[in-house]
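> Quick check, what structure comes out for this input:
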Amino acid sequence: MLAAAAACPCPPLLVPEVARGAAHEMDDARSACAEALDALAAARPDRLAVVGPADPAARGAYPPGSRGSFSGFGVDLTVTLGRGPGGERPLPASLAVAAWLLERHGWDAAPVTGRGVGQALAPEHCAAAGRELVQGEERVALLVMGDGSACRTLKAPGYFDERAAAYDAEAARALGTADTAGLAALDAELGYELQVSGRAGWQVLAGAGRGTRLTGKLLYDSAPYGVGYLVARWS
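Alright, predicted model coming up:
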């Protein structure tokens, strides 16, 4: 069963060592993520499942203790997703950011597992994955990593698209109100066109949270680099 959930963005710029001189620009986002993790810990889950976008080779399950690195971003920094023996595969960037957030938080509330999902995963398969993650009597907390559109401004990674703000606004509304139907209804094809890395994860959350009585709160909604960053908690 789903005991609590949080949605956080996953840009490596959340990590100050990666952002370097611009680290302060993400201070508010980091604070919001910390508040979201506080809510997860307060739920006293039996397990924390972390979901984030991943390339084909990085999709699938990651056991507790899986390791990731920010060396690809020019930083000699390694992170570990929870405690355990780990596995052979390195964490994808989204789960590495999650591991950094959890280490910064001092997470010790429950064992942590990870799962990388494809950004083009069909909504019905996202929902099925969400139901699978929380099936049984175990109290599961879900941390979903992912960004909104990358097309909010002319300097955004995906350039400007006039449809981007409305897409992000609907995602923010659904996340902030724990509206599983609203998340499930997000347009997958449009999300792909707008480079929304969080759409699949949000729809995994929709599947996991369907039928629960969790309430949501939107903690952060901004696009400082032309990319929509959202933070929300469900408890």
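
> and the residue nearest to the spatial centre of the chain, what are its bridge partners?
Closest residue to the average C-alpha location of the chain: residue 145 at 1.0 Å, with Cα atoms, centre = their mean. Following DSSP bridges, residue 145 is listed with bridge partners residue 8.

> Which residues are in contact with it?
7-10, 50-53, 94-95, 97-98, 198, 201 (Cβ atoms under 8 Å, 6 or more residues apart in numbering). C-beta here means a position set from N, CA and C on the backbone, and glycine is covered the same way.

> Tell me the first helix or strand C-terminal of the helix or strand bottoming out on mean pLDDT in the chain.
Across the helices and strands of the chain, mean pLDDT, DSSP states H and E gives its lowest value to helix 16-19, namely a mean of 94. Counting by DSSP states H and E, the next helix or strand C-terminal to helix 16-19 is helix 27-42.

> would you put the C-alpha positions of that next one in CSV?
Provided in CSV are the C-alpha atoms of helix 27-42 (Å, rounded to 0.1, in the frame of the first residue of the first chain):
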residue,chain,number,x,y,z
ASP,A,27,18.4,26.8,-3.1
ASP,A,28,14.6,27.0,-3.0
ALA,A,29,14.2,23.8,-4.9
ARG,A,30,16.5,22.0,-2.5
SER,A,31,14.6,23.3,0.5
ALA,A,32,11.3,22.1,-1.1
CYS,A,33,12.8,18.7,-1.8
ALA,A,34,14.0,18.4,1.9
GLU,A,35,10.4,19.2,3.0
ALA,A,36,9.0,16.5,0.7
LEU,A,37,11.5,14.0,2.1
ASP,A,38,10.5,15.0,5.7
ALA,A,39,6.9,14.0,4.8
LEU,A,40,8.1,10.6,3.5
ALA,A,41,10.0,9.9,6.6
ALA,A,42,7.1,11.0,8.8
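
> and that helix, how far from the chain's centre?
12 Å (Cα atoms, centre = their mean, to the nearest Å).

> Name the surrounding residues that touch that helix.
By Cβ under 8 Å, 6+ apart, helix 27-42 touches 4-9, 14, 48, 101-102, 104-105, 107, 109, 141, 143, 219-220, 222, 229, 231-235.

> Mind checking which of those residues are in strands?
4-8, 48, 141, 143, 219-220, 222, 229, 231-234 (DSSP state E).

> List phi and psi for residue 79.
Note on residue 79: backbone dihedrals following degrees, to the nearest 10 are phi -140, psi 160.

> Stretch 121-129 - what's its average pLDDT?
Stretch 121-129 comes out with an average pLDDT of 97.

> any idea how far that stretch is from the chain center?
16 Å.

> repeat for stretch 52-69
13 Å.

> quick one: contacts for the nearest residue to residue 39 once chain neighbours are set aside?
With Cβ to Cβ, 6 or more residues apart in numbering as the criterion, residue 39 has its nearest non-adjacent residue at 4.2 Å, and that residue is residue 233. Residue 233 is in contact with 4-7, 35-36, 39-40, 216-217, 219, counting by Cβ under 8 Å, 6+ apart.

> Any of those buried? List them.
Among the contacts of residue 233, those classed as buried by neighbour count (16 or more other Cβ atoms under 10 Å) are 4-7, 36, 39-40, 216-217, 219.

> would you turn those residues into JSON lines with distance to residue 59 and pLDDT?
Conversion of the buried ones among the contacts of residue 233 to JSON lines gives the following (distance: Cβ to Cβ, whole Å; pLDDT from 0 to 100):
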{"residue": "4", "distance to residue 59": "25", "pLDDT": "98"}
{"residue": "5", "distance to residue 59": "21", "pLDDT": "98"}
{"residue": "6", "distance to residue 59": "21", "pLDDT": "98"}
{"residue": "7", "distance to residue 59": "19", "pLDDT": "98"}
{"residue": "36", "distance to residue 59": "24", "pLDDT": "98"}
{"residue": "39", "distance to residue 59": "28", "pLDDT": "97"}
{"residue": "40", "distance to residue 59": "23", "pLDDT": "98"}
{"residue": "216", "distance to residue 59": "27", "pLDDT": "98"}
{"residue": "217", "distance to residue 59": "30", "pLDDT": "98"}
{"residue": "219", "distance to residue 59": "28", "pLDDT": "98"}
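
> Right, I'll leave it there.
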